[in-house]
Structure formats: structure tokens, C-alpha cells
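Undergrad: mind folding the following:
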Amino acid sequence: MGVIYVDADACPVKAEAEAVATRHRTQIAFVSNGGLRPSQNPLVQMIYVDQGADVADMWIAERAGTGDVVITNDIPLAAKCVAAGARVLRPDGERLTEANIGNVLATRDLMADLRAADPFRQGGGRAFSRADRARFSEALECELRAAARG
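TA: As a prediction, this is how the structure comes out:
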């Protein structure tokens, strides 16, 4: 069994990820630019990287591979991790794989272009819900069981 890497700066499911990792007795690394409280859990490793764009993403991408699970909402990071053989989950429980990462990247780029074309566009997506948290926890359980099977 590998490591769970969490792109932790804006991750809304840190507590859920730690709880699932603890149940599975799996190492988990929260990677951030700082500002996270240390955990007393011996399975948790807090990784503080330098400030700067994508420094945490690069740290994760350099280490994640087969047998690891990566939790991120960063699509370019997800693509690198999928290519390296890691299992990737978004905080809402969506699994990113070789089969869907291309479409997810294309959609991300299209949405960035649409936002750039309409600077008055207001609002973001829907609020993160309790159902999203539950879906994430179940998806992480499934990924850890699948990773343990090889």
C-alpha cells in the first residue's frame, strides 16, 4: 500500500481523508504552503513547501506513483499523477483516470477561456455539501481497497 497525498491548501475534505487513512492504517501526507495545524496522528505527515505557484503540486507530482492515492482539485496535477500510475480523487469523490482525464482537462481549459471572455461573469459553482463529503469518503474507501488489491 502506498501513500495518500493531499493537495491540502484548499482541500475541504482533510478531516475525512485522515479518518479513512486511519481506518486503513495508511500513511497520509498533507502538502501545503503552510497554515495547517499539525496532527497528533502518527500516520499523518505534514509537508510544508515554499510559497509560490504550484510548489505543492510539483512536490506531489514528483513523488506520486503506482499504489498511491492523490486527492486534488488541480486538474494539471491530477493529469501528471494519473500518468505516473497513481489513483486520483477530487474532493467531491470524482475519480480521475486515464479514460477521463483528457476530457476533464479540455473542459477546464474551455471554462477558463469562457471566464476570460466574460470578465463580468459572477459566481462560482455550487456550495460543497455534506453529500459531497460522504461521496468522497466512500470513494476514498474504494480506492484504498483497490490499491491494496494491487
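
Undergrad: can we go C-alpha only for contacts and neighbour counts from here?
TA: OK.

Undergrad: pull the contacting residues for K80.
TA: Counting by CA atoms under 8 Å, 6 or more residues apart in numbering, K80 makes contact with A61.

Undergrad: so for whatever helix or strand it lives in, mean pLDDT?
TA: If you go by DSSP states H and E, K80 is part of helix 75-83. For helix 75-83, mean pLDDT is 93.

Undergrad: what do you get for stretch 137-144?
TA: Mean pLDDT, stretch 137-144: 94.

Undergrad: what is the neighbour count of the spatially closest residue to D57 that is not a sequence neighbour?
TA: Distances taken as CA to CA, 6 or more residues apart in numbering place L77 nearest to D57, at 6.0 Å, with adjacent residues excluded. Residues near L77, counting by other CA atoms under 10 Å, number 21.

Undergrad: please name the residues that touch L77.
TA: L77 makes contact with D57, M58, A61, according to CA under 8 Å, 6+ apart.

Undergrad: repeat that for E98.
TA: For E98, the contacting residues are V82, A83, by CA under 8 Å, 6+ apart.
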